[in-house]
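Student: Requesting a structural model of the entry that follows:
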Amino acid sequence: MSEDPLLTSLLAAVAAAPGDVPLRLHLAERLADAGRVPEALQHTTAALAAEPGHPGAIALLQRLTTALTTGSAPTTATTADEPALPVADAPADPPADEPVEEPHEPAGFDWARAEEQVADIAEPVSAFDDGGGPGGSGDSDVEWAERPDVRLDDVGGMEHVKSRLELSFLGPMRNPEMAKAFGKRPGGGLLLYGPPGCGKTFLARAVAGELGARFSEIGIADVLDMWTGRSERNLAEIFRTARRNAPCVLFLDEVDALGQKRSNLAHSGSLRNTVNTLLSEMDSLSGRNDGVFVLAATNHPWDMDPALRRPGRFDRMLLVLPPDAPARAAILRHHLRDRPVTDLDLDRVVRATEHYSGADLAHLVDTATERALAESMRSGKVRSLTTKDLVAAAREVTPSTGPWFSTARNVALFGNTDGSYDELAAYLKKNRKA
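Tutor: Got it, this is the predicted structure:
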């Protein structure tokens, strides 16, 4: 089938301007209309990562996840106040006194021949099946996950975060005998939350590297499936495989999309069952998950089902904020390492980029590079990057963390009834411009 010219143009436009959220959402809508739901889901989650809380992206995500779990085509978007389109009435049941015609087989139907015709139709399988059918019985465990070679020392700055990780998570894992003396099992769950683009995934990989454990990153597309019951089966198989690969760090990215509040899923029985399965698999009180370290990242922990925060599940939360000054300096040095640079006052650039995420800093360096490259092409001589270029780019590239902090401030002020967000509230009080 030939490619839709409009889709080709939209894909090229998004590749050229990945930060254009309205354009990316328009592409996702077109992909959904074309039946390319997984691709539409990828672009929608990318839009949400760039602009958390975007109402259009959230609405589209709900439509796409419903389409994946029910197997239906995504419906056309409607406004929040617009009533849903009526569904055609089902055929009425026959009156009680009217005889119902029983189905019958056609005369001379050849069942043996019919079974031969469908014998080669394979049952749809989970992405995590390892070749052994339901439950998996293959031997692909060795290929299932990687062993990261990064450590916490590779994370620039963020000393507070690394200290918290060491005390509440890594320390007991490194001292199993002492942890056992205190009744601490070798496993557990940790939830990393904060603005997008601040290094939560990198921290999770560094934790796996510190533990010398395998690392597997799981996204919503790895779990959700259009076939009834498949999403639950995929999730259960992920945890079974993780137990076979212990010690293992299982990293659930964007866990708020997978573990949504069940009170918000009244019309999606499949998604409710997926949340129930996640709760069951996360329950480590039985000791099933010994050696399985479950880490998760989310930008919106307040949208998660409260049951995921109970003891034995994600009972520890760690706030991952935008990089501090030492971390920003390390990130800038990393992105400038292969570029021509002269007369660089790194401290000045660091001061100009407060509240910037790691992704924002990478974008800033790219913007400054484009400026120097354009002048170099006009003059025919390579012109190095300078402090002036980077500071000018900082005025052009605004931090993307602003919308997240606006939402988080409301949660810290009005939704912190149990003290879960005390650390966030303290940061916002100290940094009122965030």
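Student: ok, T387 - contacts?
Tutor: If you count contacts by C-beta atoms under 8 Å, 6 or more residues apart in numbering, T387 has them with 343-345, 348-349. (Glycine included, C-beta is placed from N, CA and C.)
Student: How much space separates the residue lying closest to it once chain neighbours are set aside from A329?
Tutor: Of all residues not flanking T387 in the chain, D345 sits nearest, at 4.4 Å (C-beta to C-beta, 6 or more residues apart in numbering). According to C-beta to C-beta, to the nearest Å, D345 and A329 sit 11 Å apart.
Student: which one of these two has more residues nearby?
Tutor: The neighbour comparison of D345 against A329 (other C-beta atoms under 10 Å) goes to A329, with 19 against 13.
Student: three-state assignment of that one?
Tutor: On the three-state scheme (DSSP: H, G, I helix; E, B strand; the rest coil), A329 is labelled helix.
Student: How much space separates it from A206?
Tutor: 19 Å.
Student: Please export the C-alpha coordinates of stretch 182-199 as PDB.
Tutor: C-alpha atoms of stretch 182-199 as PDB (Å, rounded to 0.1, in the frame of the first residue of the first chain):
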ATOM      1  CA  PHE A 182      16.100  -6.100  60.100                       C
ATOM      2  CA  GLY A 183      13.600  -8.200  58.200                       C
ATOM      3  CA  LYS A 184      14.200  -6.300  54.900                       C
ATOM      4  CA  ARG A 185      13.600  -8.400  51.800                       C
ATOM      5  CA  PRO A 186      16.000  -8.100  48.800                       C
ATOM      6  CA  GLY A 187      13.600  -6.300  46.500                       C
ATOM      7  CA  GLY A 188      11.000  -3.600  46.500                       C
ATOM      8  CA  GLY A 189       9.600  -0.700  44.500                       C
ATOM      9  CA  LEU A 190      10.700   2.900  44.100                       C
ATOM     10  CA  LEU A 191       8.800   5.600  42.300                       C
ATOM     11  CA  LEU A 192      10.800   8.500  40.600                       C
ATOM     12  CA  TYR A 193       8.700  11.500  39.900                       C
ATOM     13  CA  GLY A 194       9.300  15.000  38.600                       C
ATOM     14  CA  PRO A 195       9.300  17.200  35.500                       C
ATOM     15  CA  PRO A 196       9.900  15.500  32.100                       C
ATOM     16  CA  GLY A 197      13.400  15.400  30.700                       C
ATOM     17  CA  CYS A 198      15.200  15.500  34.100                       C
ATOM     18  CA  GLY A 199      17.000  12.100  33.900                       C
END
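Student: Would you mind giving the contacts of T387 as JSON lines with secondary structure and pLDDT added?
Tutor: Below are those laid out as JSON lines (DSSP: H, G, I helix; E, B strand; the rest coil; pLDDT from 0 to 100):
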{"residue": "D343", "secondary structure": "coil", "pLDDT": "86"}
{"residue": "L344", "secondary structure": "coil", "pLDDT": "92"}
{"residue": "D345", "secondary structure": "coil", "pLDDT": "95"}
{"residue": "R348", "secondary structure": "helix", "pLDDT": "96"}
{"residue": "V349", "secondary structure": "helix", "pLDDT": "96"}
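Student: Among these, name the buried ones.
Tutor: 344, 349 (16 or more other C-beta atoms under 10 Å).
Student: now the contacts of T387 in a markdown table, with distance to E396?
Tutor: Formatted as a markdown table, the contacts of T387 follow (distance: C-beta to C-beta, whole Å):
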| residue | distance to E396 |
| --- | --- |
| D343 | 20 |
| L344 | 18 |
| D345 | 18 |
| R348 | 16 |
| V349 | 13 |
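Student: ok, so of the contacts of T387, who is nearest T407?
Tutor: Taking C-beta to C-beta as the measure, T407 sits nearest to V349 out of the contacts of T387, at 28.2 Å.
Student: Apart from its chain neighbours, what residue comes closest to that closest one?
Tutor: Using C-beta to C-beta, 6+ apart and skipping residues adjacent in sequence, the residue nearest V349 is L390, 4.7 Å away.
Student: From M377, how far out is that neighbour?
Tutor: 19 Å.
Student: The two - which one has more neighbours?
Tutor: Between L390 and M377, L390 has the larger neighbour count (other C-beta under 10 Å), namely 28 against 11.
Student: Against R233, how distant is the most centrally placed residue in the chain?
Tutor: Centrality entry for the chain: nearest residue to the mean C-alpha point is E254, 2.8 Å, by C-alpha atoms, centre = their mean. Distance, E254 to R233, by C-beta to C-beta: 20 Å.
Student: Show me where the stretch 301-434 of the chain has its helices.
Tutor: For the stretch 301-434 of the chain, the helices defined by DSSP state H, counting those that start in this stretch cover 325-336, 346-351, 358-379, 387-396, 402-414, 422-430.
Student: Could you point out the helix or strand that follows the lowest-mean-pLDDT helix or strand in the chain?
Tutor: Within the chain, no helix or strand scores below helix 141-144, which has a mean of 46 by mean pLDDT, DSSP states H and E. Downstream of helix 141-144, the next assigned helix or strand under DSSP states H and E is helix 159-165.
Student: Name the spans of the stretch 101-250 of the chain whose pLDDT lies under the cut-off.
Tutor: Within the stretch 101-250 of the chain, the segments meeting pLDDT under 70 span 101-144, 185-188.
Student: now swap in the stretch 301-434 of the chain and tell me
Tutor: 434.
Student: what's the span of stretch 345-360, first residue to last?
Tutor: 19 Å (C-alpha to C-alpha, to the nearest Å).
Student: list the buried ones in it?
Tutor: 349-350, 352-360.
Student: Now the residues you listed in a markdown table, please, with extra columns for distance to H335.
Tutor: What follows is the buried residues of stretch 345-360, written out as a markdown table (distance: C-beta to C-beta, whole Å):
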| residue | distance to H335 |
| --- | --- |
| V349 | 11 |
| V350 | 13 |
| A352 | 15 |
| T353 | 12 |
| E354 | 18 |
| H355 | 18 |
| Y356 | 12 |
| S357 | 13 |
| G358 | 9 |
| A359 | 11 |
| D360 | 11 |
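Student: wait, which of the residues you listed is closest to P52?
Tutor: S357 (11.5 Å).
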